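Asker: mind looking at a prediction? Sequence and model below.
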Amino acid sequence: MAASMAESPNPETVEELLKLLHRLVDDERARGQGLDAKTSTLTGFSGAILALTATVGSTLFDRDLGNAAIEIRGLFIAAVIALAVAATVAVGGVLLPQPRLTISLDDVRLFREFPLIAAPKMDVQGQMLTTAIEALAAERRLNDRKARLTRYAARALVVGFIAVAAMAVTLGATKAKETHRPGGVAALDQAQRG
């Protein structure tokens, strides 16, 4: 596929390649914005659930939870850690400003000067192809990293959800046992009515 040195670029082909590369860079940037939006939502969910869990769960250490105390407190700690990891990875790994490949303002100012304004169109387009390829590669690397970290944050959020749900089920089961045992809340209610 290598062209011989005697061949010259086809202007129409170079122009189409430039258009295609610009569309690919735009698509990759849109992908990055989509990942940012998903991660923002995931961060908000993680933070809200973390705040609620921490508020409700803080009372678990003051209550008599019977035989389930270790499990419930362990689930609480697991939930808080998983939700904090989800939020931290999302914010620190994805939502913080990321370095981008840019053309410096000094280089842009050179666009109006010689020798660039006297260069043949094919030379300028060739340089732009190189720049667009590098921009695409940089955006793709950045977005692949964002996608990987977003998956990690989502997995941590799922672990947090599971821990919160397991904690709630365990608390509910403990409460149900408490109310139905002899001398428990149900027996007390019955005695008060009778």
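Answerer: Right, received. Where do you want to start?

Asker: what packs against the longest helix seen in the chain?
Answerer: Assignment by DSSP state H gives helix 121-180 as the longest helix of the chain. Where contact means 3 or more CB pairs under 8 Å, 6 or more residues apart in numbering; DSSP states H and E, helix 121-180 is packed against helix 11-57, helix 69-88, helix 185-193. Where you see a C-beta, it was placed from the backbone N, CA and C, and this is true even at glycine.

Asker: got those helices as CSV, with distance to L142 and mean pLDDT columns?
Answerer: Listed next are the helices and strands packed on helix 121-180 as CSV, based on distance: least, CB to CB, whole Å; pLDDT from 0 to 100:
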stretch, distance to L142, mean pLDDT
helix 11-57, 7, 92
helix 69-88, 19, 93
helix 185-193, 57, 52
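
Asker: output those helices as a markdown table; include the columns distance to V94 and mean neighbour count.
Answerer: Listed next are these as a markdown table, based on distance: least, CB to CB, whole Å; neighbours: other CB atoms under 10 Å:
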| stretch | distance to V94 | mean neighbour count |
| --- | --- | --- |
| helix 11-57 | 4 | 15 |
| helix 69-88 | 11 | 19 |
| helix 185-193 | 47 | 10 |
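
Asker: follow-up on the earlier one: tilt between the longest helix of the chain and helix 69-88?
Answerer: Angle, helix 121-180 to helix 69-88, by axes from the mean of the first three to the mean of the last three CA atoms, to 10 degrees: 160 degrees.

Asker: quick one: helix 121-180 to chain centroid distance?
Answerer: The chain centroid and the centroid of helix 121-180 are separated by 4 Å under CA atoms, centre = their mean, to the nearest Å.

Asker: check which residues of stretch 118-131 are buried.
Answerer: Buried residues in stretch 118-131, counting neighbours by 16 or more other CB atoms under 10 Å, are found at 125-126, 129.

Asker: who are the contact partners of T150?
Answerer: T150 is in contact with 35, 38-39, 42, 90, 94, counting by CB atoms under 8 Å, 6 or more residues apart in numbering.
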